[in-house]
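Engineer: Predicted model and sequence follow; I will ask about them next.
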Amino acid sequence: MQTDSIRLYMGDDYLHMQFDKSEFAISATRIGVLAVMLEFIVNIEPAQLAHIEQSLIGASTDAIKQLSSRLQKLIYSYLKQHIPEAST
């Protein structure tokens, strides 16, 4: 699959995604974990799906890192509110 700024193709062992100058290779064994993480993020904040999609269009490597950092903060914030801290 290829759009103006995103190219997807399946290699022998990996799903390859290219966003402009950035390329990611995802092992088929990791796709399930990533799907669960995406579902979790969408359950935390449903508007994230559209935001993620829009953020990746024409995204630079730095923009992808910023998005990743923001999603990580969103997950940790949710977990901090919903899971009690461990006692020492």
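Structural biologist: That came through, no problem. What you see is a predicted model; the values in this text were computed from it and never measured. Numbering: from 1, shown residues only.
Engineer: what ranges do the strands span in the protein?
Structural biologist: 6-10, 14-19, 22-27 (DSSP state E).
Engineer: Kindly reformat those strands as JSON lines containing mean pLDDT and distance to Q66.
Structural biologist: Where C-beta positions appear, they are placed from N, C-alpha and C, glycine not excepted. Putting the strands of the chain into JSON lines (pLDDT from 0 to 100; distance: least, C-beta to C-beta, whole Å) gives the following:
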{"stretch": "strand 6-10", "mean pLDDT": "83", "distance to Q66": "18"}
{"stretch": "strand 14-19", "mean pLDDT": "84", "distance to Q66": "13"}
{"stretch": "strand 22-27", "mean pLDDT": "86", "distance to Q66": "13"}
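Engineer: Switch those strands over to JSON lines; also include distance to Q54.
Structural biologist: As requested, the strands of the chain are exported to JSON lines (distance: least, C-beta to C-beta, whole Å):
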{"stretch": "strand 6-10", "distance to Q54": "12"}
{"stretch": "strand 14-19", "distance to Q54": "13"}
{"stretch": "strand 22-27", "distance to Q54": "16"}
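Engineer: average pLDDT for the longest helix along the chain?
Structural biologist: Using DSSP state H, we find that the single longest helix of the chain is helix 61-82. For helix 61-82, the mean pLDDT works out to 91.
Engineer: In that helix, which residues are buried?
Structural biologist: Neighbour counts over helix 61-82 (16 or more other C-beta atoms under 10 Å) mark 63-64, 71 as buried.
Engineer: got the angle for that helix vs strand 14-19?
Structural biologist: Put simply, helix 61-82 runs at 110 degrees to strand 14-19, going by axes from the mean of the first three to the mean of the last three C-alpha atoms, to 10 degrees.
Engineer: Excluding chain neighbours, what is closest to F24?
Structural biologist: Leaving aside its sequence neighbours, F24 sits nearest to M17 (C-beta to C-beta, 6 or more residues apart in numbering; 4.8 Å).
Engineer: My understanding was that that neighbour contacts E23; is that so?
Structural biologist: Yes - in this structure, M17 is within contact of E23 by C-beta atoms under 8 Å, at 7.0 Å.
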